[in-house]
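[1] I need the structure of the sequence given here:
(one chain, ligands or ions: 3)
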Amino acid sequence: MSSPIRVALLGCGVVGSQVVRLLSDQADELAARVGAPLELAGIAVRRPQRHPEVPAELLTTDASALVARPDVDVVVELMGGIDPARELLLDALKNGRSVVSANKALLAEEGEALANAARESGADLYYEASVAGAIPLLRPIQQSLAGDRIRRVAGIVNGTTNFILSAMESTGAGYADALEEAGRLGYAEADPTADVDGYDAASKAAILASLAFHTRVTAADVYREGIRDVTATDIASARALGCSVKLLAICEQVESPSGSSVSARVYPAMIPKAHPLASVSGAFNAVFVEADAAGPLMFYGQGAGGPQTASAVLGDLVAAARNKVIGGRGPRDSAYAHLPIQPMGDVRTRYHVNVDVHDRAGVLAAVATVFAEHDVSIATVKQEGGRTSGRADGGDDEGHGAATGTDATLVVVTHEASDAALRATVEALTGLEAVRGVASILRVEDLGRPVSALGGVQ
Ligand SMILES: NC(=O)C1=CN([C@@H]2O[C@H](COP(=O)(O)OP(=O)(O)OC[C@H]3O[C@@H](n4cnc5c(N)ncnc54)[C@H](O)[C@@H]3O)[C@@H](O)[C@H]2O)C=CC1
Ligand SMILES: N[C@@H](CC=O)C(=O)O
Ligand code: NA
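    Numbers count the residues shown, from 1 in each chain. Ligands and ions are numbered 1, 2, ... in the order given. Now for the predicted structure:
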């Protein structure tokens, strides 16, 4: 058995406290696997008095001093946020300390600087816990599939929003109550805006796209919409179509006559209930990886939570510690491809659009004409509310009917169209006198599978 590997832990919250517990509970087995005991050198926290469960002599509020200690071999960062984590980890790596982090926000913004610092000093940088919590996903992409060509990585990568959407769908829970519960269970970020507005999923998409397509993708490159605007009505509309609403992260390598590019995007979308992703509920995540030779692979498990995330952190810590013991090194950064990012306007998908209209003769024709003029083909249209036929108002069939005072909603499902065309359509619709507004737009995704559940709207 080699001499102990000394670990500096930065942060002892939902995840950090579970790492401390597992290090103690499994000390003997971890030592056997690493070939050396894993010892905590210190734990940096904001308020030591809040951690009576941890030996007081380990606690410090001076994270910089802890990282700089000469007896530290590996730094485990579980504090979150960009600053001061960025400087602490850059310092650690520059000084040859290996780093394990669950901090997707930092990895998605400063991945290049961190990878460079690791390469220059020969230290390891592991971050399996940063994407999809407990699910082994980055290691399979980086290592197991290193001989294949990945085309798409897509799925549910945020536990909090999946927990909220599942609760809204299954129990009719309100958005605010479900968010509060997700926070109480330790799924939500310190600032849950990161979850509900899609920033957390966008950071994860950036990390996934970077690894899958060997191209540096940052969170700013990822198109992002959150779930704040998803209403109970949207969920009911999805149900009526045989769909569920999920916050999806989709990363693709796109081929076109002008060459390859990377599309990375996060938004809520309707997916058919028959699709395996539709039955992923609560804080579970699921990600499909599609590679040329391997074909489709599915990864499923707990995407958030203290013990679950700590499992992934420990896996990385064991790998980093083993490398210290045997003198090996973990996988290097491989962002050699430098592919451009595909503009969101070029991305093609299907859309579910609710158009609130004045219920009068000709309005349907007027709305349909706007879609056609922008080259967005309608698959189905249904009217909800208002009158369903007749022209008792004396209007004509070109959309110039006189108002009756009755309102209705036209529920339009389109065939595949570009994002730019859909946006132009919506803008033109809002300019129609007969249109009161576009109440909601949700994409309809099948992620490569036939949308059989939407058979009626093909
Ligand atoms: N909670 C979860 O399910 C998951 C969390 N993560 C990531 O893991 C990291 C930690 O998350 P949680 O444990 O949930 O957060 P948390 O808010 O429960 O814990 C953060 C800890 O860091 C400490 N801290 C923060 N800033 C500090 C500073 N400047 N100096 C000293 N200590 C400081 C806090 O006192 C606290 O102990 C974040 O990057 C998060 O995105 C990743 C996957 C899942
Ligand atoms: N807040 C995140 C935690 C894990 O990454 C989530 O809800 O998925
Ligand atoms: Na993971």
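[2] Tell me if Ser311 really is in a strand.
    No - counting by DSSP: H, G, I helix; E, B strand; the rest coil, Ser311 is not part of a strand but helix.
[3] Excluding chain neighbours, what is closest to it?
    With Cβ to Cβ, 6 or more residues apart in numbering as the criterion, Ser311 has its nearest non-adjacent residue at 5.0 Å, and that residue is Ala134. To be clear about C-beta, it is placed using only N, CA and C from the backbone, and glycine gets the same treatment.
[4] again, but for Leu106
    Among residues not flanking Leu106 along the chain, Ala85 sits closest, at 5.2 Å (Cβ to Cβ, 6+ apart).
[5] Pull up the per-residue confidence for the one you found.
    Note on Ala85: pLDDT of 98.
[6] wait, the residue nearest to Ser311 sits on Gln308?
    Yes - when contacts are counted by Cβ atoms under 8 Å, Ala134 is listed as touching Gln308 (3.8 Å).
[7] hey, what's in contact with both of the two?
    Both Ala134 and Gln308 are in contact with Gly301, Gln302, where contact means Cβ atoms under 8 Å, 6 or more residues apart in numbering.
[8] where in the stretch 101-250 of the chain is pLDDT low?
    Along the stretch 101-250 of the chain, segments meeting pLDDT under 70 are nowhere present.
[9] now what about stretch 176-196, what contacts it?
    14, 80-81, 105, 158-161, 163-164, 167-168, 199-201, 226-228, 283, 304-306.
[10] I would like a PyMOL command selecting only the buried ones among the residues you listed, please.
    Applying 16 or more other Cβ atoms under 10 Å to the contacts of stretch 176-196 leaves a buried subset, and the PyMOL line that selects it is:
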select buried, resi 14+80+105+158+159+160+161+163+164+167+168+199+200+201+226+227+283+304+305+306
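[11] Residues of the stretch 251-400 of the chain that sit close to ligand 3?
    For the stretch 251-400 of the chain, the residues in contact with ligand 3 (Cβ under 5 Å from the ion) are Ala312.
[12] Up against ligand 1, what does the stretch 251-400 of the chain have?
    Within the stretch 251-400 of the chain, the residues that sit near ligand 1 (Cβ under 6 Å from any ligand atom) are Ala304, Gly305, Thr309.
[13] from what I can see, Val20 looks like it's in a strand, true?
    No - with three-state DSSP as the criterion, Val20 is assigned helix and is not in a strand.
[14] pretty sure it contacts Leu40?
    Yes - applying Cβ under 8 Å as the test, Val20 and Leu40 come out as touching, 7.1 Å apart.
[15] Stretch 264-283 near ligand 2 anywhere?
    No - Stretch 264-283 does not reach ligand 2 (Cβ under 6 Å from any ligand atom); its nearest approach is 6.6 Å.
[16] Same question for that stretch: list its buried residues.
    264-272, 274-275, 277-278, 280-283.
[17] what's the span of it, first residue to last?
    With Cα to Cα, to the nearest Å as the measure, stretch 264-283 spans 22 Å from end to end.
[18] Now the residue nearest to Leu106: phi and psi?
    phi -60, psi -40 (degrees, to the nearest 10).
[19] show me what contacts it?
    So Ala85 contacts Leu10, Glu77, Met79, Ser101, Asn103, Leu106 (Cβ under 8 Å, 6+ apart).
[20] On the secondary structure side, give me the element for the residue in the stretch 201-350 of the chain that ligand 2 sits nearest to.
    Residue nearest to ligand 2 within the stretch 201-350 of the chain (Cβ to the nearest ligand atom): Ala304, separated by 3.7 Å. Under DSSP states H and E, no helix or strand contains Ala304.
[21] Surely it and Thr160 touch.
    Yes - under the criterion of Cβ under 8 Å, Ala304 is in contact with Thr160, at a separation of 6.5 Å.
[22] Give me the common contacts of these two.
    Shared contacts of Ala304 and Thr160 (Cβ under 8 Å, 6+ apart): Tyr187, Ala283.
[23] just the helices in the stretch 351-458 of the chain please.
    Taking DSSP state H, counting those that start in this stretch, the helices of the stretch 351-458 of the chain run over residues 363-373, 419-430.
[24] From Ala132, how far out is the most centrally placed residue in the chain?
    Centre of the chain computed as the mean C-alpha position; nearest residue by Cα atoms, centre = their mean is Ala201, 2.3 Å away. To Ala132, Ala201 is 10 Å away according to Cβ to Cβ, to the nearest Å.
[25] any shared contact partners between the two?
    Contacts common to Ala201 and Ala132, judged by Cβ under 8 Å, 6+ apart, are Val157.
[26] list the contacts for Gln342?
    Contacts of Gln342 by Cβ under 8 Å, 6+ apart are Val254, Ser261, Val262, Ser263.
[27] which one among these gets closest to Ser244?
    Ser263 (22.8 Å; Cβ to Cβ).
[28] Check the burial of the residue in the stretch 1-150 of the chain that ligand 2 sits nearest to by counting its neighbours.
    Proximity of the stretch 1-150 of the chain to ligand 2 (Cβ to the nearest ligand atom) peaks at Gly133, 5.2 Å away. Neighbour count for Gly133, taken as other Cβ atoms under 10 Å: 30.
[29] just checking, it touches Gly306?
    No - between Gly133 and Gly306 there is no contact under Cβ under 8 Å: 9.8 Å.
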